[in-house]
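K.L.:
With the input below, show me the fold.
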Amino acid sequence: MPGEALKDLAEYIAEKLEGDVEQTYFVGEELVVMAKAEGLVRVMQFLRDDKECQFQILADICGVDYPDRPESRFEVVYNLLSMRQNNRARVKVLAAEEQIVPSVTGVFSSAGWFEREVWDMYGVLFAGNEDLRRILTDYGFEGHPQRKDFPLTGYVELRYDEEQKRVVYEPVELTQDFRSFDYLSPWEGMTDVQLPGDKKGGVPPHGWRGTKDAMEEADDERGAADGSHG
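P.N.:
Here you go, the predicted structure:
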């Protein structure tokens, strides 16, 4: 549970940012601030500069996809750290699929690459980011791979073409050569091989398949077992 000081901080933030914050709550001992998109920059600047907050480190920006919520499909999450106050906070903003979220690069310079990553993975646009390019996928990549409706195989595959001496993109083709399964574990499928230390398996009628030494060892063990029951 959060301490009294953190609860007081949550009330302080909600009071000071009444027009820009929808609510504050806690996840474990961490403060979560739900901000309105149009007030995001003001919220981030207040949390950075106010002497009671001093969240001066933007550790990360990430996205979350809820495709069953068309009016607020995405959550953009800003993870903040205050070294002086020894506190962490998450600022969350809801965004529809085509909604543009204000960039916070003017408040935290590190936000530039983080916002590019969210754009690349989820397709969330940030107004004011002057370098909003793909950062994890290639320039010719189609779609945004961390959306939950993105196919696991993707849409295209790439390979290096020796004739053209360049990387080429082609539609994904799934080969079926290795898609015949017998649903047995590797151990269940090995019926005629004596594994080292395996004394439980029955000897197949044709004997063990393996080296001569392994077969002689198996014969000796069978003879010893037969003598003990004689």
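K.L.:
center of the protein, which residue is that?
P.N.:
Geometric centre of the chain, nearest residue: residue 146, 8.1 Å, by CA atoms, centre = their mean.
K.L.:
hmm, which helix or strand of this structure has the shakiest average pLDDT?
P.N.:
Ranking every helix and strand in the chain by mean pLDDT, DSSP states H and E puts helix 186-189 at the bottom, with a mean of 58.
K.L.:
on that earlier part again, need the contact list for the residue nearest to the centre of the chain.
P.N.:
Residues counted as contacts of residue 146 (CB atoms under 8 Å, 6 or more residues apart in numbering) are 63, 65, 121-122. All C-beta spots, glycine's among them, are computed from the backbone N, C-alpha and C.
K.L.:
For it, give its distance to residue 64.
P.N.:
For residue 146, the distance to residue 64 equals 9 Å [CB to CB, to the nearest Å].
K.L.:
In helices only, show me the contacts of residue 146.
P.N.:
Those of the contacts of residue 146 mapping onto helices are 121-122, per DSSP state H.
K.L.:
Go through the contacts of residue 146 and name the one nearest residue 83.
P.N.:
Nearest to residue 83 among the contacts of residue 146 is residue 63, at 25.6 Å by CB to CB.
K.L.:
Residue 78 is in contact with that closest one, correct?
P.N.:
No. When contacts are counted by CB atoms under 8 Å, residue 63 is not listed as touching residue 78 (10.8 Å).
K.L.:
So the two - more neighbours on which side?
P.N.:
residue 78 (26 against 20; other CB atoms under 10 Å).
K.L.:
Now do the SS call for that one.
P.N.:
strand (DSSP: H, G, I helix; E, B strand; the rest coil).
K.L.:
Dig out what it forms beta bridges with.
P.N.:
residue 61, residue 91 (DSSP bridges).
K.L.:
That one touches residue 58, doesn't it?
P.N.:
Yes. Contact status for residue 78 versus residue 58: in contact at 6.5 Å, counting by CB under 8 Å.
K.L.:
Find residues that contact each of the two.
P.N.:
What both residue 78 and residue 58 touch, as defined by CB under 8 Å, 6+ apart, is the set residue 104.
K.L.:
Can you pull out the low-pLDDT segments for this protein?
P.N.:
Residue ranges of the chain with pLDDT under 70: 1, 174-230.
K.L.:
quick one: the strands in it?
P.N.:
21-27, 30-35, 57-65, 74-82, 87-95, 100-102, 125-127, 156-161, 166-171 (DSSP state E).
K.L.:
The second one: which residues count as buried?
P.N.:
Just to be clear, that refers to strand 30-35. 31, 33-35 (16 or more other CB atoms under 10 Å).
K.L.:
Next, work out how far apart the residue nearest to the centre of the chain and residue 7 are.
P.N.:
Counting by CB to CB - residue 146 and residue 7 are separated by 34 Å.
K.L.:
Now for the closest residue to residue 66 other than its chain neighbours: which residues touch it?
P.N.:
Spatial nearest neighbour of residue 66, chain neighbours left out: residue 73 (5.8 Å); criterion: CB to CB, 6 or more residues apart in numbering. Residues in contact with residue 73 (CB under 8 Å, 6+ apart) are 65-67, 95-97.
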